[in-house]
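Colleague: How does the following fold in three dimensions:
(chains A and B)
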2 protein chains.
Amino acid sequence: MTSRFRSLRGGVASPRGYRIAAAAVGIRPGTLREDLALVVSDWPAVVAGLFTTNQVKAAPVLWSQDAVQSGSSVRAVLLNSGNANACTGRAGMRAVRRSAATLAGLLHLDEPRAVLVASTGVIGVSLPIQKILDGLPALTSRLSSSAQAGAQAARAIMTTDTHPKFCAVEVRVGDRRYRVGGMAKGAGMIHPQMATLLCLVTTDAPLTRRQVRRMLVAAVEPSFNSITVDGDTSTNDCAILLANGAAGGRVPPGGQMEKAVRAAIEHVCAKLAEAVAADGEGAHRLIEVRVRGTRTEAEARRVARTVASSLLVKTAVHGGDPNWGRILAAAGRSGVRLDPSRMTLAIGNHVVARAGLPCPRAERGAARHLRGRVVRLHLRVGHGPGAARALGTDLSADYVAINAHYRS
Amino acid sequence: MTSRFRSLRGGVASPRGYRIAAAAVGIRPGTLREDLALVVSDWPAVVAGLFTTNQVKAAPVLWSQDAVQSGSSVRAVLLNSGNANACTGRAGMRAVRRSAATLAGLLHLDEPRAVLVASTGVIGVSLPIQKILDGLPALTSRLSSSAQAGAQAARAIMTTDTHPKFCAVEVRVGDRRYRVGGMAKGAGMIHPQMATLLCLVTTDAPLTRRQVRRMLVAAVEPSFNSITVDGDTSTNDCAILLANGAAGGRVPPGGQMEKAVRAAIEHVCAKLAEAVAADGEGAHRLIEVRVRGTRTEAEARRVARTVASSLLVKTAVHGGDPNWGRILAAAGRSGVRLDPSRMTLAIGNHVVARAGLPCPRAERGAARHLRGRVVRLHLRVGHGPGAARALGTDLSADYVAINAHYRS
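Modeller: Residues are numbered from 1 along each chain as shown, chains lettered A, B, ... in the order given. Okay, here's the model as predicted:
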C-alpha cells in the first residue's frame, strides 16, 4: 500500500494552505506543557466530521457537530488537551462560543461557525477559558506551515499518550499532486463508535462536501472504529477532515484521482489508528484480531471487537499464555450466531483449535508468537463472506496504575 | 430481610433429604485439592435450571440443559472444578455421558438423565474422565447430610475463589418449616447473562415444576444476573434449583408459604451473588451501582451493568479517585437513551454531580467513601419508574497477575 504514496515528514501541516501553531497556556493545573493547538486553512475548507455516539457529549462536540451539519466551510480548528469540557453544562457551551468568537475576530473571519473546537482531558472540570482566550493572540501570531509546527500540534493534543501521532503522504496522478496529513491522540477511553478520539485530517485536494463525507466514513470504519483499548467510548470522540483545495485542479467523482485521494486518506487514518492502539494505556503488545466466515462484515467486526476487548483475552496475551478457549468463549458471547464446532483459530501461524477442538501440539509455537510485540489472532467461524479486523492491546498492571490515579 | 429467616450454618446440605460428598481426584495436573462434589437427593427432585447464553456451551451445560428441559426429575448433581469440559467436542460429551451413567449405576437410578453435571475450570483441555470415574465409588460411599459435607462441596467447586461460598436459611409459616441452601463459585469470567457461574440451590419444600422455574428466574435476575467482574460471560454458567419435598406438606400457589419460600430462595441467591462479586479476582472493593429514573427496569439494569463493568470506573474506584465524569460517560454509552442534563450522581451520600453539573465541594467526602470496602454509586437519570442494581468490583493489578498466568 505504501508504494502508492510518497511519505512526508509532517502531519496536518504538510498539505498546502494550512498553517499551524501550538502553545502551553496552562490548562492542566500545576504543569506547563503544550496544551493548545490551532490549525488554520488559508482558504475556506470543505469539512466532514464524525462524532461520538456517547449520549454524554462534550460541549465542543455539540458545537463542532452543529457547525459541520450547517454545511458552511471551515477556516480553523482549535484543539486543547488537559480538559475535555464535558459535563460542564451551559458554562461549557459558553466557553466554546467565546473561544470560537475570539478566534474568528483574530483571524478576521465572518462568523464563529468557521471555527471548529475539540477538547480532550479530564471530564467534569470547568475549562479555564480565560487562559485559552489570553493565549489566542500569541497563538495566531505564530502560525506556520513548517513540519515542526505540525509535530508540535500533535504533541499539544496528547493526554496519556507516550508520543505524538501524526503522518502525511502525497499522491500523484499524472502531473497533479495532492497531500493528506493527519494527527490523532490516544490513549485511554478508546472504544470508538462511529467516530473516534481526536483526529484531524487535512488535505489540499479540492473535494466536494459529498466527497469528504464519504471518504471520511470509509476511512474511519476500518481504522479508528476497529480499535479498542478499554471498551470505554469517550464523550469527546471526533474525527474531522478538512479539504481546502489549495493544490488546485479537480478531483472528478469516480475518477483515478478520487481513488488515489481516498486511498491516501484511508492510509493516513489506518496509520494513526494503529499508532493509537499500539500506544494504548499500559500496552506492551498490539493485538490484531482477524475474523472471517460470518454472514456479514458487521458480524465479523462485532466478533473481532468482542475478542479484542475481552479482559480475559487481553490478560492472557499479556502473560504470554495461548489460552485459546478464552478467545472462543469471547466470540461466543459476541451476540453473533455462531457454531462452535466450526470455529478454527490460529495464533500467529499456529492453529491451536480446529473445528472447535484443541490442537495441543500447536501451543508451544503459539506461546512463542505471543512473546512478540504484535500478536495476530485469526479466527474463522464459518463459510460466510463476512470478514473484519480489530486492533486491541494487552492489559497490564500499568494500565491499572495509569487509570487509578489519572486525576491525582 | 434477614429477620424473616433463620440462618443455618450449612449450605446445600441443610435442607432435608440431601446427602453430599466431596473428593480430591486430581483433575488439576500437579496439585491435589478437592475438585469433585456430589449432591444426591434421597427423593426425586423437581428441577429448574438457567444456563449460559454464550453460544460456546460446555458439554455439561448441553447435557444438563437437555435433562432439565425433558421434565424428568433429578436425583443427583455431579460438579467438578479444574476443568470446564468446554471446547472439547464429542469426546467431551462422551465423558459427560459416561460419568452420568456410572453414577446412575452406583446410585441405582433408572436413567442417567436423573444426574445433572456441571464443570468449571480451564477451557479446551480434555477432561481426565478416568480419574473422575475411578473416584465415584468412594464419593458415593461417603455421602453425608452434615453441614461439613456442604462446606466441603462448596470448596470443591472453587477455581480462583479465595474462599468457599455457601449459605442456608429456614423459613417458617405456621407450624411448617422449609429450608433452602445454596453454594456458588466465582471468581472470573463473571458477567452472567440469563444464568450464572456455577450455583446450586437445594430446598426441601414440595414445589411444582412451574414453581421452581419461576422462583429460580425471579431469584437469578436481581442477584447473579446483576453482578459483573470482568465482562466475560462464561461457557459454563449454570444455576440449578432442586426441590425434593422432603419436608412434606404443601406450598399452594399464591399462598403465604409460597411467598416465604420464594423470598428464601431470593435471599440465598442474593447472598451468594454478593459473595461472588466481593471475591472477584483481584478485587479490593465491592462496587454497588444503583440506577433509577429510566423508563424500564431493563434499561436501568443495562446502565447499571455498563457502569459496573467500565474499566475506567473500576480503576478510578481502585485508586480512590471520585472521577464521576467517567461514571456519567459510561452511562452515556450504555445504549439507553439518556439526557445528560438530568443525571444526578452520589458517591456514598455525597452528591458529586447534580443535573449533569459538577458539585466540587462533595469530592472530598466522596474520596473518603471510596476508601471503604463497599463503594456505593447512586445514579438518577430521569423521572421514569425503572430502577436496578448491579454489583461489580474494582480493577487491580492483582486481577492482571491472576489472569496473565492462569494456566501456568
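Colleague: What segments of chain A are helices?
Modeller: Residue ranges of the helices in chain A, as given by DSSP state H, are A:59-70, A:89-106, A:129-141, A:147-156, A:209-220, A:256-278, A:297-309, A:311-318, A:324-332, A:363-369, A:397-404.
Colleague: out of the ones you listed, nearest to A:Ala118?
Modeller: helix A:59-70 (5.4 Å; CB to CB). Where C-beta positions appear, they are placed from N, C-alpha and C, glycine not excepted.
Colleague: buried stuff in the closest one?
Modeller: Of the residues in helix A:59-70, those scored as buried under the neighbour-count criterion (16 or more other CB atoms under 10 Å in any protein chain shown) are A:Ala59, A:Pro60, A:Val61, A:Trp63, A:Ser64, A:Gln65, A:Ala67, A:Val68.
Colleague: Make JSON lines from the helices of chain A and add distance to chain B and mean pLDDT to it.
Modeller: Compiled in JSON lines, those are given as follows (distance: least, CB to the nearest CB, whole Å; pLDDT from 0 to 100):
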{"stretch": "helix A:59-70", "distance to chain B": "10", "mean pLDDT": "94"}
{"stretch": "helix A:89-106", "distance to chain B": "5", "mean pLDDT": "96"}
{"stretch": "helix A:129-141", "distance to chain B": "15", "mean pLDDT": "96"}
{"stretch": "helix A:147-156", "distance to chain B": "22", "mean pLDDT": "94"}
{"stretch": "helix A:209-220", "distance to chain B": "17", "mean pLDDT": "92"}
{"stretch": "helix A:256-278", "distance to chain B": "15", "mean pLDDT": "89"}
{"stretch": "helix A:297-309", "distance to chain B": "8", "mean pLDDT": "92"}
{"stretch": "helix A:311-318", "distance to chain B": "3", "mean pLDDT": "91"}
{"stretch": "helix A:324-332", "distance to chain B": "2", "mean pLDDT": "91"}
{"stretch": "helix A:363-369", "distance to chain B": "10", "mean pLDDT": "94"}
{"stretch": "helix A:397-404", "distance to chain B": "3", "mean pLDDT": "82"}
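Colleague: Of the ones you listed, which is nearest B:Asn54?
Modeller: Each of the helices of chain A was scored for nearness to B:Asn54 using CB to CB, and the closest is helix A:324-332 (4.3 Å).
Colleague: Tell me how far that closest one lies from the chain's centre.
Modeller: Centroid displacement of helix A:324-332 relative to its chain, using CA atoms, centre = their mean, to the nearest Å, is 27 Å.
Colleague: what do you get for stretch A:136-151?
Modeller: The gap between the average C-alpha position of stretch A:136-151 and the chain average comes to 23 Å, counting by CA atoms, centre = their mean.
Colleague: Same check on stretch A:224-238?
Modeller: When C-alpha coordinates are averaged (CA atoms, centre = their mean), stretch A:224-238 and its chain have centres 8 Å apart.
Colleague: So in chain A, which strand runs the longest?
Modeller: With residue count as the measure and DSSP state E as the assignment, chain A has strand A:36-51 as its longest strand.
Colleague: Next up, the contacts around A:Tyr399.
Modeller: Listed by CB atoms under 8 Å, 6 or more residues apart in numbering or on different chains, the contact partners of A:Tyr399 are A:Asp230, A:Gly280, A:Glu281, A:Gly282, A:Ala283, B:Leu311, B:Thr315, B:Val400.
Colleague: run the last query once more with 6 Å
Modeller: Residues counted as contacts of A:Tyr399 (CB atoms under 6 Å, 6 or more residues apart in numbering or on different chains) are A:Glu281, A:Gly282.
Colleague: likewise A:Leu143?
Modeller: Residues A:Arg19, A:Ala21, A:Val40 are the ones in contact with A:Leu143 under the rule CB under 6 Å, 6+ apart.
Colleague: ok, so of these, who is nearest chain B?
Modeller: Distances from chain B to the contacts of A:Leu143, taken as CB to the nearest CB, are shortest for A:Ala21 (28.9 Å).
Colleague: got a list of what A:Gly11 touches?
Modeller: Shown here is A:Gly11, whose contacts under the criterion CB under 6 Å, 6+ apart are A:Gly150, A:Ala154, A:Phe166, A:Ala168, A:Gly181, A:Met183.
Colleague: rerun at 7 Å
Modeller: Taking CB atoms under 7 Å, 6 or more residues apart in numbering or on different chains as the criterion, A:Gly11 is in contact with A:Gly150, A:Ala151, A:Ala154, A:Phe166, A:Cys167, A:Ala168, A:Gly181, A:Gly182, A:Met183.
Colleague: if I look at the residue nearest to it when sequence neighbours are not counted, how far off is A:Arg373?
Modeller: With sequence-adjacent residues excluded and distances taken as CB to CB, 6 or more residues apart in numbering or on different chains, A:Gly11 is closest to A:Phe166, at 2.9 Å. Here A:Phe166 is placed at a distance of 21 Å from A:Arg373 (CB to CB, to the nearest Å).
Colleague: Which one of those two is surrounded by more residues?
Modeller: Higher neighbour count among A:Phe166 and A:Arg373: A:Phe166, with 27 against 9, using other CB atoms under 10 Å in any protein chain shown.
Colleague: what is the more buried one paired to in the beta sheet?
Modeller: In this structure, A:Phe166 has beta-bridge partners A:Met183, where bridges are defined by DSSP bridges.
Colleague: Please verify my assumption that it contacts A:Gly150.
Modeller: Yes - with contact defined as CB atoms under 7 Å, A:Phe166 reaches A:Gly150; the gap is 6.0 Å.
Colleague: any residues in contact with both of these two?
Modeller: Shared contacts of A:Phe166 and A:Gly150, defined by CB under 7 Å, 6+ apart, are found at A:Gly11, A:Val12.
Colleague: A:Ala260 contacts A:Val171, correct?
Modeller: Yes - using CB under 7 Å, A:Ala260 is in contact with A:Val171, at 4.3 Å.
Colleague: Phi first, then psi, for the residue of the stretch 51-200 of chain A found nearest chain B.
Modeller: When CB to the nearest CB is the measure, the stretch 51-200 of chain A has its nearest residue to chain B at A:Ile123, with 2.5 Å between them. Note on A:Ile123: backbone dihedrals following degrees, to the nearest 10 are phi -90, psi 150.
Colleague: And it, how far from B:Arg262?
Modeller: Shown here: A:Ile123 relative to B:Arg262, a distance of 43 Å by CB to CB.
Colleague: which one of the two has more residues nearby?
Modeller: Here A:Ile123 and B:Arg262 are set side by side on neighbour count (other CB under 10 Å), and the busier one is A:Ile123, at 27 against 21.
Colleague: measure the nearest residue to that one once chain neighbours are set aside to A:Thr202 for me?
Modeller: Nearest in space to A:Ile123, with sequence neighbours left out and distances taken as CB to CB, 6+ apart, is B:Gly325 at 2.5 Å. Distance from B:Gly325 to A:Thr202, counting by CB to CB: 30 Å.
Colleague: Among the two, which residue is more densely surrounded?
Modeller: Shown here are B:Gly325 and A:Thr202; by other CB under 10 Å, A:Thr202 has more neighbours (32 against 26).
Colleague: Could I get the contacting residues of that one?
Modeller: The neighbourhood of A:Thr202, defined by CB under 7 Å, 6+ apart, consists of A:Val12, A:Pro15, A:Tyr18, A:Val39, A:Gly181, A:Leu242.
Colleague: repeat that for 10 Å
Modeller: By CB atoms under 10 Å, 6 or more residues apart in numbering or on different chains, A:Thr202 lies in contact with A:11-18, A:20, A:39, A:41, A:45, A:77, A:150, A:168, A:179-183, A:240-244, A:246, A:268.
Colleague: All set, thanks.
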